[in-house]
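# generate coordinates for the sequence data below:
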Amino acid sequence: MLGPRPTVAGPAETDDAPLTAPGATRAMEAVLERVLEARLRQARDTDAVFTHEMAERVAAFVRRGGKRLRTAFVWCGWRAAGGSGDADAVLRTGAALELLQACALIHDDLMDGSPLRRGGPAMHVDFTHGHRAGRANGSAEAFGTSAAVLAGDLALAWADDLLTETALASPYGPRLHDEWRAMRTEMVAGQYRDLRAQESGSSGAEEALTIAVLKSARYTVARPLALGACLAGADAPTLGALRAAGRCAGLAFQLRDDLLGAFGDPALTGKPAGEDLRSRKLTPLLALAVRLAEAGGDHEAAAVLAPDADALPGHTVERMREALERTGARADVESRIADLAAAGLRRFAETGAAPAAQREFAALVEQASGVAPQHAQELV
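Below is the predicted model of the structure:
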């Protein structure tokens with residue numbers, strides 16, 4: 001049985017004072033908090049130990065936040081398709097995406113062996129530490145792994161419950177659910193391709209691009225835009241333009257994330273410096289560097305970036321960074337980010353969205369990609 005739908009007081013409920021994307025994100029936080037409290041109450045009715053050790057951990061992880069970009073892109077898609085008035089379903093969809101993101105991060109950190117997330121211990125590490133502190137029996141690592149799988153599953157269940165409730169209460173529910181279902185499948189496909197690439201030692205540019213599109217471009221930008229547009233009853237041309245805009249902006253976001261993974265400050269990224277390089281994670285950045293090194297006859301760079309480079313004497317993350325710089329891969333990716341960001345804005349404009357919505361999208365693309373798209377100047 002569905003519970004009462006939360007209401008959001010304020011400008012979300014009026015046509016003459018619509019929320020901005022940042023305002024929608026703040027309003028989503030209030031919705032998300034109510035959802036988490038409701039889920040924790042249900043957990044307490046189920047089992048006290050499960051609530052304290054599992055459900056509360058998941059809720060705390062969700063509350064630690066992140067950029068909340070997906071909610072903002074849902075909002076932009078809704079506005080681009082002519083959405084106005086009561087934004088309750090938009091905010092609830094954004095909250096569902098944040099719960100889904102928690103699942104993705106928990107499982108991703110486990111598979112990658114990442115120790116940190118959002119400035120604190122990754123979920124599997126937190127469970128492992130708790131096992132050791134309690135002097136429990138058995139392997140602490142095995143317990144941490146198993147518990148983190150369940151924590152991710154719980155976040156996914158909460159996300160699906162919320163999206164289903166929202167879809168059932170919306171006249172556009174079937175379209176919303178179809179978009180959500182496709183996104184979940186793409187997310188798992190991208191994660192599997194990522195895992196498979198690491199196991200096979202692949203350095204192929206095509207495979208790196210496939211992973212980036214499935215795991216980030218669609219999931220982070222294209223599908224959230226389409227989810228929002230579905231809630232406004234968008235037609236096929238509008239959805240097509242938004243998906244194209246999202247693919248471009250999402251790839252720009254992923255390429256920026258690749259650069260941060262290689263060169264970023266842990267104080268800003270919340271992850272160890274050079275973690276992606278240390279694990280030799282297949283990214284478009286790394287694939288491009290390998291191709292440029294081989295094409296330019298830079299055998300040293302090619303060797304440092306190769307799948308078996310860990311076996312080389314003196315191999316360090318610093319040498320990999322030097323290779324990324326020397327081959328021109330870093331500069332090339334910076335240029336591609338700018339081109340993709342500008343292309344995303346052009347495709348978004350094809351929806352016929354109002355200038356205010358286009359400016360908000362431009363601001364989000366700048367936040368996600370780290371560059372101010374040239375095309376944004378036309379929107380001022």
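
# now do the buried residues in the helix or strand harbouring residue 156.
If you go by DSSP states H and E, residue 156 is part of helix 140-168. By 16 or more other Cβ atoms under 10 Å, the buried positions in helix 140-168 come out as 140, 143-144, 147-148, 151-152, 154-156, 158-167. In this view, the C-beta of every residue, glycine as well, is placed from N, C-alpha and C.

# so which elements touch the very next helix or strand once past that helix?
Next along the chain after helix 140-168, taking DSSP H and E as the criterion, comes helix 173-200. For helix 173-200, the packing partners by 3 or more Cβ pairs under 8 Å, 6 or more residues apart in numbering; DSSP states H and E come out as helix 88-112, helix 140-168, helix 205-212, helix 223-230.

# quick one: mean pLDDT over helix 173-200.
Throughout helix 173-200, pLDDT has a mean value of 92.

# likewise for stretch 30-37?
The pLDDT scores in stretch 30-37 average 97.

# and that stretch, how far out from the chain's middle?
Stretch 30-37 sits 20 Å away from the centroid of its parent chain (Cα atoms, centre = their mean, to the nearest Å).

# just checking, residue 136 is part of a helix?
No - Residue 136 is assigned coil when assessed by DSSP: H, G, I helix; E, B strand; the rest coil, not a helix.

# spatially nearest residue to it, not counting backbone neighbours?
Leaving aside its sequence neighbours, residue 136 sits nearest to residue 143 (Cβ to Cβ, 6 or more residues apart in numbering; 7.0 Å).

# got the CA positions of stretch 148-160 in CSV?
The C-alpha trace of stretch 148-160 is given here as CSV (Å, rounded to 0.1, in the frame of the first residue of the first chain):
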residue,chain,number,x,y,z
ALA,A,148,28.3,-4.1,1.6
VAL,A,149,26.5,-6.2,-1.1
LEU,A,150,23.4,-6.2,1.1
ALA,A,151,23.8,-2.5,1.8
GLY,A,152,23.8,-1.7,-1.9
ASP,A,153,20.8,-4.0,-2.4
LEU,A,154,18.9,-2.1,0.3
ALA,A,155,19.6,1.2,-1.3
LEU,A,156,18.4,-0.2,-4.6
ALA,A,157,15.2,-1.5,-3.0
TRP,A,158,14.5,1.9,-1.5
ALA,A,159,15.1,3.6,-4.8
ASP,A,160,12.8,1.2,-6.7
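
# mean confidence score for it?
For stretch 148-160, mean pLDDT is 97.

# nearest residue to residue 274 in space, ignoring adjacent ones along the chain?
Leaving out its chain neighbours, the residue that sits closest to residue 274 by Cβ to Cβ, 6+ apart is residue 317, at 3.8 Å.

# how near is the one you found to residue 112?
When distance is defined by Cβ to Cβ, to the nearest Å, residue 317 is 16 Å away from residue 112.

# list phi and psi for the residue nearest to residue 274.
phi -60, psi -30 (degrees, to the nearest 10).

# residue 121 too?
phi -60, psi 140.

# what is the burial count for it?
Residues lying near residue 121 (other Cβ atoms under 10 Å) number 17.

# good, wrapping up.
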